[in-house]
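Asks: Sequence and predicted structure are below.
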Amino acid sequence: MTLLDLCSYLGLGAVGATTVNLLLGLLMAMRYSPVRLWPHRRVNLFALHQWTAYLAVALTLTHPLVLLFLKTPHFGWPDILFPIHSPLQPKLNLAGATALYLLVLVLISSLLRTRIGRPLWRRLHYLVFPSAILLFLHSILTDPNLKDGHPDLLDGGKVFVEAAALLSLIAIAVRVRLRGRGLRAPSADRERVA
């Protein structure tokens, strides 16, 4: 396994963890109950959401660090922290870095949720959506071989990212459609009205 392979696998892991985290967050926002619905067992969605967030941030942080050890092209700390002048694909790398910074901001605001208050925390938590868009754009359009900047969109890793992006888009559309209702059990009052 080469360093580029390791970098790609860390990036794919970050996409997978971020997608799972986004889906869990949307389920929680829709008041999904794993006891009432499938799998009819007690599952701590909040803890699962929290751990997938830690995993997503850890993988997203380590993904660009591998580039520091490449001989060609040479990436330095400024290229990693603020990649607008990186040797290859600076705009796409900036999109990835911005996605990382937004994810870190959301994670820190979640850790400080009780101190900053729920209204501010909730507004900051919505930053996961632009972060996901930037993450998917970076992941789909970058050249994993760091050659000519023309990725193969039918490569296995790219198809995984494209499927994760499509799944996330569908889940967000369902969440918007069910806004206000969610997946709550119908109450007795609502049943009588209907």
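Replies: In hand now; what should we look at? Numbers count the residues shown, from 1 in each chain.
Asks: name the helices or strands packed onto the helix of greatest length in the chain?
Replies: Assignment by DSSP state H gives helix 3-29 as the longest helix of the chain. Applying 3 or more C-beta pairs under 8 Å, 6 or more residues apart in numbering; DSSP states H and E, one finds that helix 3-29 makes contact with helix 45-65, helix 128-141, helix 156-177. Glycine gets a C-beta too; all of them are placed from N, C-alpha and C.
Asks: in the protein, which segments are predicted with low confidence?
Replies: 184-194 (pLDDT under 70).
Asks: Give me the distance between the residue nearest the centre of it and Gly149.
Replies: Centroid-nearest residue in the chain: Thr18, 2.9 Å away (criterion: C-alpha atoms, centre = their mean). Distance, Thr18 to Gly149, by C-beta to C-beta, to the nearest Å: 24 Å.
Asks: again, but for Leu100
Replies: Here the criterion is C-beta to C-beta. By it, Leu100 lies 21 Å from Gly149.
Asks: With Ile140 instead?
Replies: Relative to Gly149, Ile140 is positioned 13 Å away (C-beta to C-beta).
Asks: Those two: who's more crowded?
Replies: More neighbours surround Ile140 than the other of Ile140 and Gly149, with 18 against 12 (other C-beta atoms under 10 Å).
Asks: who's in contact with that one?
Replies: Applying C-beta atoms under 8 Å, 6 or more residues apart in numbering to Ile140 gives the contacts Pro151, Leu153, Lys158, Val161, Glu162, Ala165.
Asks: List just the nearest of these to Leu70.
Replies: Pro151 (17.8 Å; C-beta to C-beta).
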